[in-house]
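Asks: here is the input, now give the coordinates:
(one chain, ligands or ions: 1)
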Amino acid sequence: MQSPDLAALRAEYTREGLDESDAGDDPVVLFRRWLDDVAAAGIHESNAMALATADASGRPSVRIVLLKGFDDRGAVFYTNYDSRKGDELTVNPWASAVLLWHPLQRQVRIEGRVSRMDAAESDAYFASRPRGAQIGAVASRQSHPIENRGALEEQVADAKRAFDGRDVERPEQWGGFRLSLDVVEFWQGRADRVHDRLRFTRAGEGWSRERLQP
Ligand SMILES: Cc1cc2nc3c(=O)[nH]c(=O)nc-3n(C[C@H](O)[C@H](O)[C@H](O)COP(=O)(O)O)c2cc1C
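Replies: Numbers count the residues shown, from 1 in each chain. Here you go, the predicted structure:
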């Protein structure tokens, strides 16, 4: 099979616009409205977001995580604090995330600083996960190399045995981060690449809003 000619792939964005009167003054309200649109459109894993971190020398890395909460305090995701991203966020708490909702021709970018969630909040979310995912979190030293799949499955079996007949406890190296909303930018695709971009930047108690060229 032939690979696609990447340079020839081209989509037109003509669904709708995003104007200032529609966007309002509060990016949290607008984000929630876009989440409703995403739910109505039935987009698969619509809470997947790319999360960029950087190490102490400024070298970036990016991966997908699932957005598990969003309000004025920030965007919440869960992970292993001893993972590569966890290590990077420990030395450099500045991060950036982007969500892409392709069928709606929309993206949202977030920039801010992460903080670890309270143990109680992480406990509550961990308790809500399916048991298999809880065991997986106990068993995996995320981002660390392992000899082969068999060794990983042994670690899973060990974790299952350790919690046989009782609730799985949240490992202390597993929990939530909250990415503060310092900057939130909404992008709506428009015809001929003349897209709409509205960027909200936190200003005291409120927000300043500006339109950016596409
Ligand atoms: C759709 C999707 C959702 C994911 N969700 C998470 C998540 O919520 N938390 C997480 O730690 N990793 C998640 N991952 C795995 C990460 O992309 C990544 O492989 C892992 O966190 C290790 O990243 P790191 O080595 O940069 O720390 C997800 C991957 C995909 C493709």
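Asks: next helix or strand past the host helix or strand of Asp36?
Replies: For Asp36, the host element (DSSP states H and E) is helix 27-41. Using DSSP H and E, the next helix or strand after helix 27-41 towards the C-terminus is strand 48-54.
Asks: just checking, what packs against the helix or strand that that next one is followed by?
Replies: Remark: after strand 48-54, the chain's next helix or strand is strand 60-66, criterion DSSP H and E. The contact analysis (3 or more Cβ pairs under 8 Å, 6 or more residues apart in numbering; DSSP states H and E) places strand 60-66 against strand 48-54, strand 74-80, helix 84-91. In this view, the C-beta of every residue, glycine as well, is placed from N, C-alpha and C.
Asks: specify the stretch among these that is closest to Ala97.
Replies: strand 48-54 (4.7 Å; Cβ to Cβ).
Asks: what about the closest one, near the ligand?
Replies: Yes. Using Cβ under 6 Å from any ligand atom, strand 48-54 reaches the ligand at Ala48.
Asks: only alpha carbons, please: show that strand as CSV.
Replies: Extracted as CSV, the C-alpha positions of strand 48-54 are listed here (Å, rounded to 0.1, in the frame of the first residue of the first chain):
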residue,chain,number,x,y,z
ALA,A,48,-7.6,13.5,25.0
MET,A,49,-5.1,16.3,25.2
ALA,A,50,-1.5,16.7,24.3
LEU,A,51,0.5,17.8,27.2
ALA,A,52,3.9,19.5,26.7
THR,A,53,6.4,19.7,29.5
ALA,A,54,10.1,20.7,29.4
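Asks: and that strand with helix 84-91, angle?
Replies: Orientation check (axes from the mean of the first three to the mean of the last three Cα atoms, to 10 degrees): strand 48-54 against helix 84-91 gives 50 degrees.
Asks: residues touching strand 48-54, excluding its own?
Replies: By Cβ atoms under 8 Å, 6 or more residues apart in numbering, the surrounding residues in contact with strand 48-54 are 60-67, 75, 77, 85, 88-89, 92, 94-100, 179.
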